[in-house]
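Participant: Attaching a predicted model along with its sequence, questions to come.
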Amino acid sequence: MNKAARLVFIPFPVTGHLISTIEFANLLMERHHHIWITVLVIKQPPHTTPAYTDSLHSHRLQLINLPQVSSNSPPNLMQEILQLQKSNVKEAVANLPPAPPLAAFVLDMFCTTMIDVADEFHVPSLVFFTSGLAFLGLTLHLHTLKEEENAEFTISDAEFITPSFAKPLPKPNLPSLVLNKEWEPISLALGRGLKKAHGIIVNSFEELESHAAHYLLNGPQPIYPVGPILNTKPNVNPRNGHILDWLDQQPPSSVVFLCFGSMGSFGEDQVREIARALENSGARFLWSLRKPPPKGSSLSVPPSDYASSDFPSILPAGFLDRTAGIGKVIGWAPQAQVLAHPAIVGFVSHCGWNSILESVYFGVPIATWPLYADQQSNAFLLVHEVEIACEISLDYRVEFKDGSAPLLSAQNIEKGIRNVVEMDDERRKRVMEISEKSRKTLLEGGSSHSSLGRLIDYIMDQV
């Protein structure tokens, strides 16, 4: 009789984290048929949890929506909510059937306060880290410097030596979490939680981040690079039909795709600069243009779609008419399906980790335009270490507090668009090589396949 094990997953309630967590749960269950997973979904604030989770139940995958709690203490809003959720988590776990036995908690990188709850059930805690290996190493190193030397980090022209990056990282590429004093408690909690975990599961693969992998896999803590964890299945939605139909009519490798993630949007001045850059570049384009949340909204309020009748008023006069033959402006985009399309030649991206993994998987080079979180260091990694991207900006940054951001000129954007369309053969070859590796790493013999095997052995040893 094969023994079975149950895992309790607690994802962070934002789209990028939630989707990759569910995909990872599915990957685990596909690989080992005696692993059962219970996902505790924090529906708080309500609009951050995609509705698709409501239909995700299978024989061995169970989703439980935790009761909503409310807190009024930004910027530590989510930390406060997680504290308030501890009693609900305890109750949900205590009510789980005794078989299969509980083997471990798998906690999002921002939910490590729940390690206390796992300790009460006498099971280990594993962290699911939704960014890359280099950023994990950077996060741990910054925490060590803060704890041991009370280091202060500021945006200066200086460079920062950190062991998970092969090259010195410019200070403006450090994450907002450590540059902003107000966010220090969250930054410290993140580092502390990662170090307390019994192991860290990373949505990356050794061939993409070989320097960081070598450093971390020889460190004191078990690290499991199991990526790329993606949902590459077609998103069958009739409202996407017009986008894919339009791409079908474009020549191969001719269209630049602009998309800035589930939380990315720009003010009207910046939108007009992007429009001028596109028009001046002469490139074919598909632009996912989203409406910023109302001023003063909480950080978790995502952008929404404009009505198509709004586009003429926010874009330069006549822009839509002049680019009608070569460009298409849309709202939300089925990103993976677009990147998989043979018409796409380049991707203007905010460098969120899921977007990077998708572009790598589909062999589409990125022009980097980071906005927040880990994206500035991700952009540096892609351009200067992995050498599979070109730069629009490496240190553009949206301020969490008020949404303010610098204005990037049309000339800068146009240069980045031209560079990604005309990318040199050497760099484009590297993109294709890493794309090939991203497809093989989860197959038998691949590094992520082996890493996932080690993780499963560890889980099964707990029961």
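Facilitator: Everything's here; your move.

Participant: if you average pLDDT over the helix or strand harbouring Ile186, what comes out?
Facilitator: Assigned by DSSP states H and E, Ile186 belongs to helix 184-196. Throughout helix 184-196, pLDDT has a mean value of 92.

Participant: which of the residues in it are buried?
Facilitator: Ile186, Ser187, Leu188, Ala189, Leu190, Gly191, Gly193, Leu194, Lys195 (16 or more other CB atoms under 10 Å). (Glycine included, C-beta is placed from N, CA and C.)

Participant: same for that helix, what does it pack against?
Facilitator: Secondary-structure packing of helix 184-196 (3 or more CB pairs under 8 Å, 6 or more residues apart in numbering; DSSP states H and E): helix 77-94, strand 125-129, helix 133-149, helix 176-179.

Participant: On the C-terminal side of it, identify the next helix or strand.
Facilitator: strand 199-202.

Participant: for stretch 288-295, which positions count as buried?
Facilitator: Ser288, Leu289, Arg290, Pro292, Pro293.

Participant: got the CA positions of it in PDB?
Facilitator: These are the backbone C-alpha positions of stretch 288-295, laid out as PDB (Å, rounded to 0.1, in the frame of the first residue of the first chain):
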ATOM      1  CA  SER A 288      -2.700  46.000 -23.800                       C
ATOM      2  CA  LEU A 289      -3.700  49.400 -22.400                       C
ATOM      3  CA  ARG A 290      -5.300  49.400 -18.900                       C
ATOM      4  CA  LYS A 291      -7.000  52.100 -16.900                       C
ATOM      5  CA  PRO A 292      -5.300  53.100 -13.700                       C
ATOM      6  CA  PRO A 293      -7.300  52.600 -10.400                       C
ATOM      7  CA  PRO A 294      -8.900  55.700  -9.000                       C
ATOM      8  CA  LYS A 295      -6.400  58.000  -7.100                       C
END
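
Participant: Show me how far that stretch is from its chain's centre.
Facilitator: Distance of stretch 288-295 from the chain centroid (CA atoms, centre = their mean, to the nearest Å) equals 19 Å.

Participant: And the contacts of that stretch?
Facilitator: 257-260, 264-267, 271, 301-306, 310-311, 329-333, 335, 403 (CB atoms under 8 Å, 6 or more residues apart in numbering).

Participant: Report the separation between the two terminal residues of stretch 329-338.
Facilitator: The straight-line separation of the ends of stretch 329-338 (CA to CA, to the nearest Å) is 14 Å.

Participant: from what I can see Thr112 touches Ala189, true?
Facilitator: Yes. At 7.2 Å, Thr112 counts as touching Ala189 under the criterion of CB atoms under 8 Å.

Participant: give me the low-pLDDT residue ranges for the stretch 151-300 of the chain?
Facilitator: Counting by pLDDT under 70, the low-confidence segments of the stretch 151-300 of the chain come to 234-236, 298-300.

Participant: Helix, strand or coil: sort out the residue nearest to Ala389 when sequence neighbours are not counted for me.
Facilitator: Of all residues not flanking Ala389 in the chain, Leu382 sits nearest, at 3.7 Å (CB to CB, 6 or more residues apart in numbering). Here Leu382 takes the helix state, with states given by DSSP: H, G, I helix; E, B strand; the rest coil.

Participant: need the contact list for Leu382.
Facilitator: Cys351, Ile356, Ile366, Thr368, Ile388, Ala389.

Participant: and if you look at Lys167?
Facilitator: Listed by CB under 8 Å, 6+ apart, the contact set of Lys167 reads His384, Glu385.

Participant: element containing it?
Facilitator: Applying DSSP H and E, one finds Lys167 in no helix or strand.

Participant: What are the phi and psi values at it?
Facilitator: Dihedral pair for Lys167: phi -110, psi 150, per degrees, to the nearest 10.

Participant: next one: Leu40
Facilitator: Dihedral angles (degrees, to the nearest 10) for Leu40: phi -100, psi 110.

Participant: Can you get me a residue count around it?
Facilitator: 21 (other CB atoms under 10 Å).

Participant: Let me know the pLDDT of it.
Facilitator: With respect to pLDDT, Leu40 has a value of 96.

Participant: if I pick it, what's in contact with it?
Facilitator: Leu40 touches Val8, Phe9, Ile10, Ile64, Leu66, Val89, Ala92, Val93, counting by CB under 8 Å, 6+ apart.

Participant: Buried ones among the residues you listed?
Facilitator: Using 16+ other CB under 10 Å as the burial test, the contacts of Leu40 include Val8, Phe9, Ile10, Leu66, Val89, Ala92, Val93 as buried.

Participant: Three-state assignment for the residue nearest to Tyr372 when sequence neighbours are not counted, please.
Facilitator: Distances taken as CB to CB, 6+ apart place Val398 nearest to Tyr372, at 5.1 Å, with adjacent residues excluded. Classification of Val398 by three-state DSSP places it in coil.

Participant: Lovely, talk soon.
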